[in-house]
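Colleague: got a structure for you, letters missing:
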DNA sequence: GGCGGCTGCGCAATCGATATTGCTTATCGA
DNA sequence: TCGATAAGCAATATCGATTGCGCAGCCGCC
């Protein structure tokens, strides 16, 4: 590495091989059959290119062809089991298609989301997958103006196709399991099931509440507002709220529907202070899955969303050229307590 | 969206504003002061550009400037707490610098690693962060040939700067905690501490074994090969191995050093079949952190690697232009049992 | 009133690839 | 032997931005 000489271009290879740049381009891009180049010419050019360590400049190619061969996805955050599973599937399917995946997290910040979509448009990504955006329609409008095909994942948008988890069904199934396991108790207050976490305006939360309602109204009568503890997703808030609830009703509720893993973390923050026998009087379920959460001091029913199916359907919609706001729902899977290492993404390292 | 008219370019804006393309370029790129454009001209151009929904074509800019404003990182997989935390930090620091982060996972497949590095070189990323590569030196050579500054993270390379976790120190501290908690037992076989998971040729594993040795050789005499169960990272293998061990020595060992979360998952796969009282006779520690793993049926000491410090130091090295293979070690943090929601990345959603 | 300097902007080349068109030579059938 | 085809390649324009250079107008000053 004495000479930091610039990377060779097709012009360099052309000079070295005695061919013209257009011939070199065709030889190296695979278009040489269509251009009727002699195979020996092609082989020679490829030999020289390899020798010189040539690699194509995607910026130049992209500029000329008006396509970047990149696909973008935005997610709220990387550091989350569910979203990182989405990323993993998104990436695998992008690679299958010879596209370069670009995954950006926006920390649920609307301004960051807008900036990120602008950036991805500037880089001319060919499709955009939008997972869990705070403001789908603004983003959709931006994509529309830029003529960028896009699809919503996990949280639906109003003006483009969406593929979401079947939150209603998942919540019904989870609630059903909680109901089955709920101990009978003479205590009126503790006999009910509670839903904790999320925000009412959130699409997923409201669908899940519907599922929760559908099950418990049938068995226990009307679900009161008091049973829905919509304290957001932060562990800290959840810890406070569950502590307050336990104090109010004098112990753990007979049923508890936890709306996300981060909320569950908070709930555990309170549980850690309770004696093990406290849990015997409570049936607990969590929407979302974590192998460790599946093996706590007490049994927990969990729901695992089908990330690879979500992403696969999203690709299908995009590639079919769908632009109308259809809504595809994918059923999640119920995971029995104490189930571990059934990772959705095959072998882990 | 009746006319899918192409996105406007500076030429369109030039026509509409009556200015020349170069003036438009300067006005929109921020270079207008240096080019002594009148502020009123600039404002007018910006107004028209905004009105037309102009957004810059980064492929064209990148081609001309020979820089893409993208930074690349390769990681083994997204769907992993540690690596996704690295991603999150990597991305945040990229954004701070006005760069577009591109994170690719390679599933620990050497061929995929090479293909991915080639791709990133083709897209002209400005720096490359390489985390946990199977073959650092090959990748380093490719970057060298392409004149691409790069840095290794988590797993050191021989021919470029590296920032890694201080595995030796972390393992010593974790081993120290295990030692403190180890119950005395008359049973010779079960009195020892065991190390499970990883592969001997893996850098991190071998450093951690050194740390494990340093502690236990002082207290319990020579560590035998039988105490080091290097069964890779797959949960399945770990489950088999821990079961075999427990069978061989007639119960849980007095101390257990688990080398990664995935291995821990496997270990739990066996533990799930044991009665709760079995754990009283064993002190357990796990290298790596998961909030749920921190709250199991038994106390677990955990180690959390300092992802944001790792990434921050890596950026520093790259930006200082370091190319020599220096090795920077970052101390990880010991997390006491039953510690939850202290996420390294601030507020979670 | 000529000259230097500043202001404000346009011209044209350029980055590295691709796509279109066209120009030579064989090849071939009649 | 001649025109028609086709094979094999080169020339050149182009994608959308940046950038070095240059040019006109104006001001002030000796």
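Modeller: Yep, it's here. Just so you know, these numbers come straight off a predicted model, no measurement behind them.

Colleague: list the buried ones in stretch A:296-303?
Modeller: Neighbour counts over stretch A:296-303 (16 or more other C-beta atoms under 10 Å in any protein chain shown) mark A:296-297, A:299-303 as buried. (Each C-beta comes from the backbone N, C-alpha and C, glycine too.)

Colleague: Could you confirm whether it reaches chain B?
Modeller: Yes: using C-beta under 8 Å from any C-beta of the partner chain, stretch A:296-303 comes into contact with chain B via A:296-297.

Colleague: Determine how far that stretch lies from the middle of the whole chain.
Modeller: 23 Å (C-alpha atoms, centre = their mean, to the nearest Å).

Colleague: Repeat that for stretch A:164-173.
Modeller: That offset, for stretch A:164-173, works out to 16 Å (C-alpha atoms, centre = their mean).

Colleague: average pLDDT for that stretch?
Modeller: Mean per-residue pLDDT for stretch A:164-173: 98.

Colleague: mind listing the helices in the stretch 201-349 of chain A by residue range?
Modeller: Ranges of helices in the stretch 201-349 of chain A, per DSSP state H, counting those that start in this stretch, are A:203-220, A:235-249, A:261-271, A:307-319.

Colleague: Revised request: answer the last question for the stretch 51-200 of chain A.
Modeller: A:58-65, A:81-96, A:110-122, A:136-145, A:167-181.

Colleague: my read: residue A:301 touches residue A:174, true?
Modeller: Yes: Residue A:301 lies in contact with residue A:174 (C-beta atoms under 8 Å); the separation is 5.9 Å.

Colleague: you'd agree residue A:214 is up against residue A:173?
Modeller: No: checked against C-beta under 8 Å, the pair residue A:214 and residue A:173 is beyond contact range at 10.8 Å.

Colleague: the more surrounded of the two?
Modeller: It is residue A:173, of residue A:214 and residue A:173, that has more neighbours when counted by other C-beta atoms under 10 Å in any protein chain shown, with 20 against 16.

Colleague: Distance-wise, check the more buried one relative to chain B.
Modeller: 22 Å (C-beta to the nearest C-beta, to the nearest Å).

Colleague: and if you look at residue A:9?
Modeller: Distance of residue A:9 to chain B, given as C-beta to the nearest C-beta: 11 Å.

Colleague: do the same with residue A:153
Modeller: 15 Å.

Colleague: so how many other residues sit close to that residue?
Modeller: For residue A:153, the neighbour count with other C-beta under 10 Å is 30.

Colleague: For it, which non-adjacent residue is spatially closest?
Modeller: Distance criterion C-beta to C-beta, 6 or more residues apart in numbering or on different chains; nearest residue to residue A:153, sequence neighbours excluded, is residue A:131 at 4.3 Å.

Colleague: wait, isn't that neighbour in contact with residue A:76?
Modeller: Yes: between residue A:131 and residue A:76 there is a contact under C-beta under 8 Å: 7.3 Å.

Colleague: Give me the common contacts of those two.
Modeller: When contacts are counted by C-beta atoms under 8 Å, 6 or more residues apart in numbering or on different chains, residue A:131 and residue A:76 have residue A:83 as shared neighbours.

Colleague: More neighbours: which of those two?
Modeller: Higher neighbour count among residue A:131 and residue A:76: residue A:131, with 27 against 24, using other C-beta under 10 Å.

Colleague: lowest confidence element among the helices and strands of chain A?
Modeller: helix A:261-271 (a mean of 90; mean pLDDT, DSSP states H and E).

Colleague: Who are the packing partners of it?
Modeller: Contact here means 3 or more C-beta pairs under 8 Å, 6 or more residues apart in numbering or on different chains; DSSP states H and E; on that basis helix A:261-271 packs against helix A:235-249, strand A:255-258.

Colleague: ok so, going back, quickly list what's touching both of residue A:301 and residue A:174.
Modeller: Joint contacts of residue A:301 and residue A:174 (C-beta under 8 Å, 6+ apart) are A:285, A:334.

Colleague: near chain B, which residues of the stretch 101-250 of chain A?
Modeller: Residues of the stretch 101-250 of chain A lying near chain B (C-beta under 8 Å from any C-beta): A:101-105, A:107-108, A:118-119, A:121-124, A:144-147, A:233-236, A:239.

Colleague: distance between stretch A:118-129 and the chain's centre?
Modeller: Worked out by C-alpha atoms, centre = their mean, stretch A:118-129 lies 18 Å from the chain centre.

Colleague: Give me the contact list for it.
Modeller: A:62, A:66-74, A:90, A:99, A:102, A:104, A:117, A:142-143, A:146, A:148-151, A:153, A:311, A:314, A:318, B:55-59, B:70, B:100.

Colleague: what's the distance between the residue in the stretch 151-300 of chain A positioned nearest to DNA strand C and residue A:139?
Modeller: Proximity to DNA strand C, evaluated over the stretch 151-300 of chain A using C-beta to the nearest atom of the strand, is greatest for residue A:151 at 26.1 Å. For residue A:151, the distance to residue A:139 equals 11 Å [C-beta to C-beta, to the nearest Å].

Colleague: again with residue A:150
Modeller: 8 Å.

Colleague: mind listing what residue A:288 touches?
Modeller: Applying C-beta under 8 Å, 6+ apart to residue A:288 gives the contacts A:81-82, A:260-261, A:264, A:302-305.

Colleague: any weak-confidence spans in chain A?
Modeller: Low-confidence segments of chain A, defined by pLDDT under 70: A:1-6, A:186, A:339-349.

Colleague: got the residues of it near DNA strand C?
Modeller: Within chain A, the positions near DNA strand C by C-beta under 7 Å from any atom of the strand are A:6, A:9-11, A:21-22, A:25, A:28-29, A:31, A:35, A:54, A:56-57, A:60-61, A:63-65.

Colleague: Alright, that wraps it up for me.
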